[in-house]
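1. here's a sequence, model it:
(one chain, ligands or ions: 2)
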Amino acid sequence: MADPLVTIEQLTFHYADGPNFAFEKAAIYPGQVVVLVGASGSGKSTLMRLLRGELDPTSGTVSIAGTPVETRKKRLVLDESKAGWVPQTEELMPMLRVEQNIGYHLLRWEEEERSARVEELARAFHLLPLLKQRTSTLSGGQRQRVSIAKAMAGRPPVLLMDESLAQLDLRTKTAILLDLKDQVRREGSAALLVLHDPADAQLVADQVWVMHDGILAQQGTMAEILKFPIAYQVAGLFWHINLVPAHWAQI
Ligand code: ADP
Ligand code: MG
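-> Ligands and ions are numbered 1, 2, ... in the order given. From the prediction side, this is the model:
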């Protein structure tokens, strides 16, 4: 098997006057989409921020493409070349055209290479007819497509999305997730997505990671987690469950 693009080793973190987190050991391999699930407050965004280098681990390491992620201690500005970031509500430049937004991080690239990359991503995300339009004229779904293409443009090894599609209707969201999965496979990159709907996770997840009470408590395929959730709270993430006292079961 190829080397992992993301590795987490004995990673722990705590906020000053805040909760503790333990992410232990995990890896994402080229071409994989990992879906991160867990109740609100379980630490999903905290893990994302550790991967981006926004927070310093208390112990352990996060590596992307074989080198440890540098945090704000070392760098003033986050290293977008390692982890592409799709913000929750897109932060596109409304007066720039779609092609300029997608190529936004590629200003140092040769003109030809840049336009080839922009075109490649525009094709993958069904934006070719819109390239000359200003992003202020686009629909919400189209804007998120541009936002994803922009985050992938510089070929970061991993793309991070923290509930970035939550505002979209089901069909739009599904179509975008499938295009994203195709592109991640094609490029041999990786993606870590926070998604809430089990149907979405089922659609795209090569692995599901479950955060539970500040711990990365379970890793597996969607089928494994549905079949053997380690706690009733984990089962409850995916569907409504009724708890029955054991003495009712009469076994
Ligand atoms: P999730 O994304 O799964 O909803 P978060 O990672 O955002 O969870 O937050 C996990 C927990 O950490 C929450 O209880 C939250 O209140 C706490 N937390 C988040 N940011 C800080 C902070 N800067 N200082 C202290 N506690 C924080
Ligand atoms: Mg969050």
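2. pull up the residues of this structure that are close to ligand 1.
-> Counting by Cβ under 6 Å from any ligand atom, the chain comes close to ligand 1 at Y15, G18, P19, G38, S40, G41, S42, G43, K44, S45, T46, M211. Bear in mind the C-beta positions are built from the backbone N, C-alpha and C, glycine included.
3. redo that, cut-off 5 Å
-> Contact residues, the chain versus ligand 1 (Cβ under 5 Å from any ligand atom): Y15, G18, P19, S40, G41, S42, G43, K44, S45, T46.
4. quick check, stretch 193-205 touching ligand 2?
-> No: Stretch 193-205 is not in contact with ligand 2 by Cβ under 5 Å from the ion; minimum separation 6.4 Å.
5. what is the rounded mean pLDDT of that stretch?
-> The average pLDDT within stretch 193-205 is 91.
6. give the buried residues for it.
-> Residues of stretch 193-205 classed as buried under the neighbour-count rule (16 or more other Cβ atoms under 10 Å) are L193, V194, L195, D197, P198, D200, A201, Q202, L203, V204, A205.
7. before we move on, what about stretch 175-182?
-> Under 16+ other Cβ under 10 Å, the buried positions of stretch 175-182 are I176, L177, D179, L180, K181.
8. what's the answer for stretch 152-172, then?
-> Going by neighbour count (16+ other Cβ under 10 Å), the buried part of stretch 152-172 is 152-154, 156-165, 168, 172.
9. farthest-separated two in these?
-> Greatest spatial distance in those: P157 and T172, 27.0 Å, computed using Cβ to Cβ.
10. low-confidence ranges in this protein?
-> The chain contains residues with pLDDT under 70 at 241, 250-251.
11. make it 80
-> 1, 72-80, 90, 238-246, 248-251 (pLDDT under 80).
12. which residue ranges of it form strands?
-> 6-14, 20-28, 33-38, 59-64, 67-68, 83-86, 158-162, 190-194, 207-212, 215-220 (DSSP state E).
13. and this protein, which residues reach ligand 2?
-> K44, S45.
14. nice, that's everything, thank you.
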